[in-house]
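*Asks:* give the three-dimensional model of this entry:
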Amino acid sequence: MALTLDTTLGEIIDNPQARAILDKHLPGVSNNPVVAIAHGMPLNFILTLPQAAQFGLTQEKAEAILEEINKHL
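*Replies:* All right, here's what the predicted structure looks like:
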């Protein structure tokens, strides 16, 4: 099943391959304590939060990360 912007951050982080790709694009994000709070939130919701911009996460970047993850899963 392909991951989308409706996928939760936790679903990505809980998959070792997906987490590696996420960390490649956003270094260290999967181990950040703030991210633990967002574990159950879908990416669409996370993108509305100011913290997403602090991590450099835009909708375009999220879509590119998801595309790469989906190619490898």
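*Asks:* for the helix or strand containing D23, buried residues please.
*Replies:* Element membership for D23 (DSSP states H and E) is helix 16-25. With burial defined by 16 or more other CB atoms under 10 Å, the residues of helix 16-25 counted as buried are 18-19, 21-22. Placement of C-beta: from N, CA and C, glycine included.
*Asks:* list the contacts of the nearest residue to L26 once chain neighbours are set aside.
*Replies:* Nearest residue to L26, sequence neighbours excluded (CB to CB, 6 or more residues apart in numbering): F55, at 5.6 Å. Shown in contact with F55 (CB atoms under 8 Å, 6 or more residues apart in numbering): 26, 29, 32.
*Asks:* pull out the buried members of those residues.
*Replies:* The buried subset of the contacts of F55 - by 16+ other CB under 10 Å - is 26, 29.
*Asks:* what about the helices in this protein?
*Replies:* Here the chain has its helices, by DSSP state H, at 9-13, 16-25, 33-37, 43-46, 50-54, 59-72.
*Asks:* closest to L3 out of those?
*Replies:* L3 sits nearest to helix 59-72 of all the helices of the chain, at 5.3 Å, using CB to CB.
*Asks:* return the set of buried residues in the worst-scoring helix or strand of the chain on mean pLDDT.
*Replies:* Using mean pLDDT, DSSP states H and E, helix 33-37 stands out as the lowest-scoring helix or strand of the chain, at a mean of 86. The neighbour-count check on helix 33-37 (16+ other CB under 10 Å) flags V35 as buried.
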